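>>> Pasting a predicted model and its sequence here:
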Amino acid sequence: MASNLCGKVVIITGASSGIGAALARALSGAGCRLTLAARSLDKLQALAEELPGETLVLRADMLQAPDIENMVRRTQERFGAVDVLCANAGIFIQGDFADYDMDAVSDMLRINIEGVLRCAHAVIPIMRDQSSGDILVTSSIAGHAELHRGPAYGATKHAIETIVNTLRRQLAGSGIRVMSLAPGKVANELWGYEDAAEIERLSVAEGGWLRSDDVAAAGLFMLSRPRHVTVRTVVMVPRHQEA
């Protein structure tokens with residue numbers, strides 16, 4: 001157990017599946033108290049039932065500013081603090097740009113960029129008052145390397161890297177750390193993989209994919225560093241991914 005995380009209050013967006021759910025399991029196992037937020041309330045409730053720690057389950061749509069404000073307010077009312085924001089919610093669109101549904105692209109831009117900005121904007125005043133806090137944003141290898149099948153998605157993740165690095169500098173000295181976790185291909189629901197045996201084959205045996213648990217373990221490492229250490233960005237890829 002990462003003992004310095006025990007008792008910390010963590011908000012996880014996009015917590016109903018994939019990396020978000022894996023982060024919830026890892027952080028609950030480390031003794032954190034969690035707010036689990038996503039659009040799928042049923043999945044969140046099922047996840048909360050398997051976790052050992054205290055959880056608050058909230059339906060929150062990152063397209064809706066009132067949902068974000070309510071998520072942060074309810075967390076502070078329930079737990080009395082907000083120690084960590086895991087801004088994980090995101091949408092992935094790939095393919096030939098000419099075939100894109102531009103309304104879906106607009107939603108992706110708003111969730112992947114504006115949603116992160118709104119979440120950070122809501123928690124920073126609380127963390128400043130506490131003189132301590134962590135903001136961990138789920139980015140992507142697409143924020144560091146141009147992936148030709150994802151021009152719009154890659155643009156959102158390049159934006160995330162800029163947001164993280166500029167906010168980190170703005171908040172230097174405040175006690176708030178701002179970090180990004182940038183995985184390559186992850187075999188999870190986002191890519192249509194749900195069978196555990198297949199995920200193990202694709203990742204561990206063949207080395208072509210990461211598991212959500214691999215990414216969550218990296219996030220746990222980043223958040224559990226001593227307060228004088230900021231792990232600014234972790235870029236992690238499966239051993240056979242070239243990007």
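Happy to help now that I have it.
>>> Longest helix of the chain, counting residues only.
helix 151-170 (DSSP state H).
>>> In PDB, list the C-alpha atoms belonging to whichever helix or strand comes after it.
Sequence order places strand 176-183 as the next helix or strand after helix 151-170, per DSSP states H and E. Coordinates of each C-alpha in strand 176-183 appear next as PDB, following Å, rounded to 0.1, in the frame of the first residue of the first chain:
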ATOM      1  CA  ILE A 176      -0.200  21.700  -6.100                       C
ATOM      2  CA  ARG A 177       1.400  19.200  -8.500                       C
ATOM      3  CA  VAL A 178       0.100  18.900 -12.100                       C
ATOM      4  CA  MET A 179       1.100  15.700 -14.100                       C
ATOM      5  CA  SER A 180       0.100  13.800 -17.200                       C
ATOM      6  CA  LEU A 181       0.000  10.100 -17.800                       C
ATOM      7  CA  ALA A 182       0.400   9.300 -21.600                       C
ATOM      8  CA  PRO A 183      -0.100   5.600 -22.500                       C
END
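>>> So the most centrally placed residue in the chain versus His240, what's the distance?
Most central residue of the chain, judged by C-alpha distance to the mean C-alpha position with C-alpha atoms, centre = their mean, is Asn88 at 2.2 Å. Here Asn88 is placed at a distance of 25 Å from His240 (C-beta to C-beta, to the nearest Å). Yep, even glycine has a C-beta here, placed from its N, CA and C like the rest.
>>> do the same with Glu161
Counting by C-beta to C-beta, the gap between Glu161 and His240 amounts to 24 Å.
>>> In terms of neighbours, single out the busier of these two.
Comparing Glu161 with His240 by neighbour count (other C-beta atoms under 10 Å), the higher total belongs to Glu161, at 20 against 11.
>>> Could you check the pLDDT of that one?
Looking at Glu161, its pLDDT is 98.
>>> Arg227 and Asp134: what is the separation?
The spacing between Arg227 and Asp134, counted by C-beta to C-beta, is 9 Å.
>>> any residues in contact with both of these two?
Overlap between the contact sets of Arg227 and Asp134, as judged by C-beta atoms under 8 Å, 6 or more residues apart in numbering, is given by Arg177.
>>> Would you map the helices across the chain?
Across the chain, reading from the start of the chain, the helices by DSSP H fall at 18-29, 41-50, 65-79, 102-109, 115-130, 151-170, 196-200, 212-223.
>>> Could you list the low-confidence segments of this structure?
By pLDDT under 70, the low-scoring segments of the chain are 1.
>>> most remote residue from it's center?
Counting by C-alpha atoms, centre = their mean, the extreme residue of the chain relative to its mean C-alpha position is Ala98, 29.1 Å from that point.
>>> quick one: it and Arg149, what's the gap?
Summarising the geometry, the distance separating Ala98 from Arg149, computed by C-beta to C-beta, is 13 Å.
>>> Next: Gly80.
When distances are taken as C-beta to C-beta, Gly80 and Arg149 turn out to be 45 Å apart.
>>> The residue nearest to the centre of the chain and Thr138 touch, don't they?
Yes. Taking C-beta atoms under 8 Å as the definition, Asn88 is a contact partner of Thr138 at 4.3 Å.
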